[in-house]
Structures are given as structure tokens and as C-alpha cells.
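Undergrad: after the sequence you'll find the predicted model.
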Amino acid sequence: MTRELTRCGDNRIVIHRYQQSASPPSFESQPFVCILISADRARDQRENEAICDLLVANNCRYFLSWGVDAEDWHDTMDYAYLGSDPNYAPPNSRHVMTSWHNDETLSDVAFFAKNCTNFDQHEFHNFLVLIIGDDEQLEQEVEAALVSEFATK
């Protein structure tokens, strides 16, 4: 399930609840920030790798992970970036910054996504919230934190 959560100024936030048969959306090759919210304790590592490979291929340039196994997701994304080049040396122009946020609130994660993800030539306006697992209450909390943060100047 994919839907646009909100547009705040130049920023577009799309929320996608991951299902095995539905790939996360891309932003027409424009670079984007992925905020991965993990609520699933029974994940297959190969599937996680495939998700991260797809994010890199779709031009994700900043990846934040929060929730179950956030640090493992962070590492998987780092490996996906390195593996995007046959010699494991992708150019800096395709660099993917990564961070995990285990001990932070969702409000802190939303603040970080909005205010701390721009780097080098990247000024992000596209944000993909990728929810792994089926926790509707958590999804509502994520939405509330993002709308609150992105609605402020």
C-alpha cells in the first residue's frame, strides 16, 4: 500500500507499507531519503538485502532506520551501496548516507529526516517512509510525527 502522506512546501512524503509483492515507489530517478520503520521481528535477511538493493537502484541517497533490528538494516543498506558496483567501489556521486535511530523517539527521527539529511550537493525534497511489518498504531504514530515536524518551519 502506497500513498502520499503530505506535501509541505517543496517536500513530498510518501508512505509505503512493504508487502513482498509490491516494490517501494521511486521518485522518477530523483534522489530521496528513506525512513525505514521496522516492526517485524521475523524477517528474512535475503529479502532485506533485496529491499536495500532496490532502494539504492532507485536513487535513495540517505537511509534512516528505526525499530526492530535498526542497526542490521543500516548495515544491510551499507552493503547494498557497496555492492552496487562490481568492484565494490561505487563513485562518491552515488554515495548513500546511513544512520540508525534505536533509542530515539519518532519525533526525533522526523526532526533528523527534515533537518539533518542534506549533504554535499543533495538537498532532499522527497521522503519515502517504508514500513516493514503490520502495526497500524505504529504507522499512525509515524504519520503524526512526520506531519507535525514537516508542517513546522
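TA: Yep, that arrived. Computed from a prediction, not measured in an experiment: that's the story for all the values here. Numbering: from 1, shown residues only.
Undergrad: C-alpha only now, for contacts and for neighbours.
TA: Fine.
Undergrad: C-terminal to the worst-scoring helix or strand of the chain on mean pLDDT, what's the next element?
TA: For the chain, the helix or strand with the lowest mean confidence is strand 2-8, at a mean of 64 (criterion: mean pLDDT, DSSP states H and E). In the C-terminal direction, the helix or strand that comes right after strand 2-8 (DSSP states H and E) is strand 11-17.
Undergrad: against which helices or strands is the very next helix or strand once past that following strand packed?
TA: Toward the C-terminus, strand 11-17 is succeeded by strand 32-38 as the next helix or strand (DSSP H and E). The criterion is 3 or more C-alpha pairs under 8 Å, 6 or more residues apart in numbering; DSSP states H and E, and the helices and strands that strand 32-38 contacts are strand 60-67, strand 126-132.
Undergrad: how about these, which one is nearest Met97?
TA: Of all the helices and strands packed on strand 32-38, strand 60-67 sits nearest to Met97, with 4.7 Å by C-alpha to C-alpha.
Undergrad: give the pairing partners of the closest one; include direction for each.
TA: strand 32-38 (parallel), strand 97-100 (parallel) (DSSP bridges).
Undergrad: of those strands, which is nearest Pro86?
TA: So among these, strand 97-100 is nearest, using C-alpha to C-alpha, at 19.6 Å.
Undergrad: and that closest one, how far from the chain's centre?
TA: Centroid separation for strand 97-100 versus its chain: 9 Å, with C-alpha atoms, centre = their mean, to the nearest Å.
Undergrad: go on, stretch 37-55?
TA: Between the mean C-alpha point of stretch 37-55 and the mean C-alpha point of its chain there is a distance of 12 Å (C-alpha atoms, centre = their mean).
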